[in-house]
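coords please:
(chains A and B, ligands or ions: 2)
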Amino acid sequence: MKKPILLKFLWVCLFIVLWETVRLTGNFSPLVYPSLLSIIKSLFHAFSSEGIAIQLLLSFAVIAFGITAGIILAMIAVMAAHSSAIFESFLKFVISVFHPLPGIALLPVLLLWVGTGIESILIIVLHSVIWPLITNLYTGYRSIPATYTLVADNYSMGKKDRFLKITLPASLPYFLAGSRIAFARSWRALISAEMLFGAAGGKGGIGWFLYNKRVFMDSSGLFAGLLVIVVAGILTEEVFFTILENKTVKKWGMSI
Amino acid sequence: MNDYLEIKNLYFSYNDDNQGIKEPRKVIDNISFNIQKKSLLCILGPSGCGKTTLLKIIASLVPPSAGKVLFDGKVLKNPDAGRILIFQDDNQLFPWLNVIENISMPLRLSNINGREKIALDIINKVHLTGFENYYPHRLSGGMKKRAGIARALATSPDLLLMDEPFGSLDAQTRKKLHKLVLEIKEKTDLTVIFVTHDIHEAIFLATDIAVMGKSGTIAYQTKNNFSGISDFSVTGFSDFYNKLYSFIDEP
Ligand SMILES: Nc1ncnc2c1ncn2[C@@H]1O[C@H](COP(=O)(O)OP(=O)(O)OP(=O)(O)O)[C@@H](O)[C@H]1O
Ligand SMILES: [Mg+2]
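Ligands and ions are numbered 1, 2, ... in the order given. Sure thing, here's the model as predicted:
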């Protein structure tokens, strides 16, 4: 196949045909197994009058905030680890303890300590992004070839230039890889957390949308919500990050 | 005539970490030599004898344990864009900058105006016209070397330090780059120190040749009377070649 897009479209069609075939041959209640048409109707309804776009945006805003804060904290941690062996050892220990811990597992403790507000969700998101970011940024930082630094020395490059013009681009492959993992982890953690208690202000994000659909037995709305989550995930992981990589590290021949 | 670059009683030790105890290991052991402006000194020597370290000290990228580097009579302490070291590996070009951006980088750092024109001129000098917008990974080995030389020349340095610059290239490409080095030397006041393992290369390019011994000293230093020659049938050539060889291969 020459065009991968075409191939993907084919798989989507196949999936649709399968879905409808199973529905038409099986004897399911529409409450359990809605038709494609009703899912699409619910989808339009969700966008036109249920404000799913806003909820999606809210979820993304939480993640964007988490990743931004995570990147800043991770950079500080990496700098500190680089300049102090004791802190490096401490950080390694903390990472080995917290990295394997799924964000959602923290929820009971957070409910107890922080409550059901947006703070809990932010902490869970921050937890899911910060460890992969630190490990990747640290690996990226350490993998910068010594020659770059010597060239910078040779031209008496200042601290700011060094950071912006060498450290950042030289560690970008690891930075992007870390961000990819950070997004994947926080996206999954966020939806689970939102399903459990929503965010503050009654606008609970996309996970909260799903939760409500289940409560009200709106199964076509439920599948519409799933569809939105899948598409949003694909757009971010496959499209956004891929474009970002193509425009930078791929173009520079620096992919890891 | 004034000696342009003077290396005076240079010593250097690396601190080896032996189970937590720092043990100094001497790498440069009392090296002194002088070279004149516009000369091209080739330094030969066995692997690990300290050639790269010596170049780094001359570029002030590493401070000597003792001794001085004088340039036009002045002691040098800090690196500057007038003494550029071209490194052995290909990592000297930044992969995230294309050819013209790499070459303009030092010009931008020193806030020089008319960067684009200067960069294009140099690109032309090293015969890379047409490849301005290529990223380094899309260049061949020889083209990367040319781009590296171009960036080094951008700030019009007085002294170019080249660390086995053409070691990884095929004979054909090497020949072309030798021509380029001589061309550039012809047109500028550049003084060059060129480290190589290849005696042929040294004899062909150099005005002066120094051989470093295993123990971090200069074992032999001489004027080169065979510049531009790489032909064993020329009288005296093979004797000269063998003599250099014997100093490199000292037991
Ligand atoms: N950063 C370093 N720390 C400790 N020892 C080093 C370091 N760099 C080099 N050395 C040691 O110093 C000695 C000289 O190294 P140098 O790289 O200057 O040799 P060289 O003559 O350039 O070798 P080659 O021809 O293989 O490039 C070697 O024994 C090497 O192991
Ligand atoms: Mg070397």
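
burial measure for residue 128, as a count.
Using chain A here. By the criterion of other Cβ atoms under 10 Å in any protein chain shown, A:Ser128 has 30 neighbours. Every residue, glycine included, has its C-beta placed from N, CA and C.

You answered for a different chain; I wanted chain B.
When counting by other Cβ under 10 Å, one arrives at 20 neighbours for B:Leu128.

those helices in the chain, which residues are they?
Went with chain A since none was named. Per DSSP state H, chain A carries helices over the ranges A:4-25, A:36-49, A:52-83, A:85-98, A:107-113, A:118-142, A:146-154, A:159-161, A:168-197, A:205-215, A:219-234, A:241-247.

look at chain B instead
If DSSP H is used as the criterion, the helices of chain B fall at B:51-58, B:99-109, B:115-125, B:141-154, B:171-187, B:199-205, B:237-248.

which stretch among those helices comes nearest A:Ser220?
Relative to A:Ser220, the nearest member of the helices of chain B by Cβ to Cβ is helix B:99-109, separated by 53.8 Å.

Enumerate the residues of the stretch 101-250 of chain A near chain B.
Proximity of the stretch 101-250 of chain A to chain B is confined to A:145, A:147-148, A:150-151, A:153-157, A:161, A:165-166, A:169-170, A:172, A:248 under the rule Cβ under 8 Å from any Cβ of the partner chain.

how about the helices of chain B, which one is nearest ligand 1?
For the helices of chain B, the distance to ligand 1 is smallest for helix B:51-58, at 3.2 Å, taking Cβ to the nearest ligand atom.

sorry, back to before: let me know which of the helices of chain B is the nearest to chain A.
Nearest of the helices of chain B to chain A, taken as Cβ to the nearest Cβ: helix B:99-109 at 5.1 Å.

what's the angle between the closest one and helix A:146-154?
Interaxial angle of helix B:99-109 relative to helix A:146-154 (axes from the mean of the first three to the mean of the last three Cα atoms, to 10 degrees): 40 degrees.

Which strands and helices lie in contact with helix B:99-109?
In terms of contacts (3 or more Cβ pairs under 8 Å, 6 or more residues apart in numbering or on different chains; DSSP states H and E), helix B:99-109 is packed against helix B:115-125, helix B:141-154.

Buried residues, it. List them.
By 16 or more other Cβ atoms under 10 Å in any protein chain shown, the buried positions in helix B:99-109 come out as B:Val99, B:Ile100, B:Glu101, B:Asn102, B:Ile103, B:Ser104, B:Met105, B:Pro106, B:Leu107, B:Leu109.

got it, and stretch A:88-108?
Quick answer for stretch A:88-108 (16+ other Cβ under 10 Å): A:Glu88, A:Leu91, A:Ile95, A:Gly103, A:Ile104, A:Leu106, A:Leu107.

With stretch B:123-136 instead?
So stretch B:123-136, judged by 16+ other Cβ under 10 Å, has buried residues B:Ile123, B:Lys125, B:Val126, B:Leu128, B:Phe131, B:Glu132, B:Tyr135, B:Pro136.

Closest to ligand 1 out of the residues you listed?
Within the buried residues of stretch B:123-136, proximity to ligand 1 (Cβ to the nearest ligand atom) peaks at B:Pro136, which comes in at 22.0 Å.

So that closest one versus A:Arg188, what's the distance?
38 Å (Cβ to Cβ, to the nearest Å).

A:Ile166 is in contact with B:Leu109, correct?
No: counting by Cβ atoms under 8 Å, B:Leu109 stays clear of A:Ile166, with 11.5 Å between them.

ok, A:Leu137 - contacts?
A:Leu137 sits next to A:Ile71, A:Ala74, A:Met75, A:Val78, A:Ser171, A:Tyr174, A:Phe175, A:Gly178 when contact means Cβ atoms under 8 Å, 6 or more residues apart in numbering or on different chains.

Give me the spatial nearest neighbour of the third one, chain neighbours excluded.
Pointing back at A:Met75 there. Nearest residue to A:Met75, sequence neighbours excluded (Cβ to Cβ, 6 or more residues apart in numbering or on different chains): A:Leu137, at 6.5 Å.

returning to that earlier point: can you add distance to A:Ile118 and mean pLDDT and give the helices of chain B back as TSV?
Formatted as TSV, these follow (distance: least, Cβ to Cβ, whole Å; pLDDT from 0 to 100):
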stretch	distance to A:Ile118	mean pLDDT
helix B:51-58	54	96
helix B:99-109	43	95
helix B:115-125	49	94
helix B:141-154	51	94
helix B:171-187	62	92
helix B:199-205	68	94
helix B:237-248	71	90
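
Format those as CSV; extra columns: distance to B:Lys214.
Below are those laid out as CSV (distance: least, Cβ to Cβ, whole Å):
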stretch, distance to B:Lys214
helix B:51-58, 12
helix B:99-109, 36
helix B:115-125, 38
helix B:141-154, 28
helix B:171-187, 26
helix B:199-205, 17
helix B:237-248, 9
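
what's the closest of the ones you listed to B:Gln92?
The nearest among the helices of chain B, by Cβ to Cβ, is helix B:141-154 at 5.1 Å.

For residue 167, which residues are in contact?
Looking at chain A here, since you left the chain open. Going by Cβ under 8 Å, 6+ apart, the list of residues near A:Thr167 reads A:Tyr141, A:Ile144.

wait, I meant chain B there
So B:Gly167 contacts B:Gln88, B:Thr196, B:His197, B:Asp198 (Cβ under 8 Å, 6+ apart).

Let me have those residues in TSV, extended by distance to ligand 1 and neighbour count.
Formatted as TSV, the contacts of B:Gly167 follow (distance: Cβ to the nearest ligand atom, whole Å; neighbours: other Cβ atoms under 10 Å in any protein chain shown):
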residue	distance to ligand 1	neighbour count
B:Gln88	6	18
B:Thr196	9	22
B:His197	6	14
B:Asp198	11	15
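
before we move on, back to that, export the helices of chain B to CSV and append columns for distance to ligand 1.
Converted to CSV, these look like this (distance: least, Cβ to the nearest ligand atom, whole Å):
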stretch, distance to ligand 1
helix B:51-58, 3
helix B:99-109, 24
helix B:115-125, 27
helix B:141-154, 17
helix B:171-187, 17
helix B:199-205, 13
helix B:237-248, 11
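
Which among those helices is found nearest to A:Thr116?
Closest to A:Thr116 of the helices of chain B, according to Cβ to Cβ: helix B:99-109, at 51.3 Å.

how far is that closest one from where the chain is centred?
With Cα atoms, centre = their mean, to the nearest Å as the basis, helix B:99-109 stands 20 Å off its chain's centre.

Could you do stretch A:35-49 as well?
Using Cα atoms, centre = their mean, the mean C-alpha position of stretch A:35-49 is found 25 Å from that of the whole chain.

Would you agree B:Thr49 is in contact with B:Ile218?
Check again: residue B:49 is Cys, not Thr. No: B:Cys49 is beyond contact range of B:Ile218, at 10.3 Å (criterion: Cβ under 8 Å).

intersection of neighbour lists for these two?
Counting by Cβ under 8 Å, 6+ apart, the shared contacts of B:Cys49 and B:Ile218 are B:Met212.
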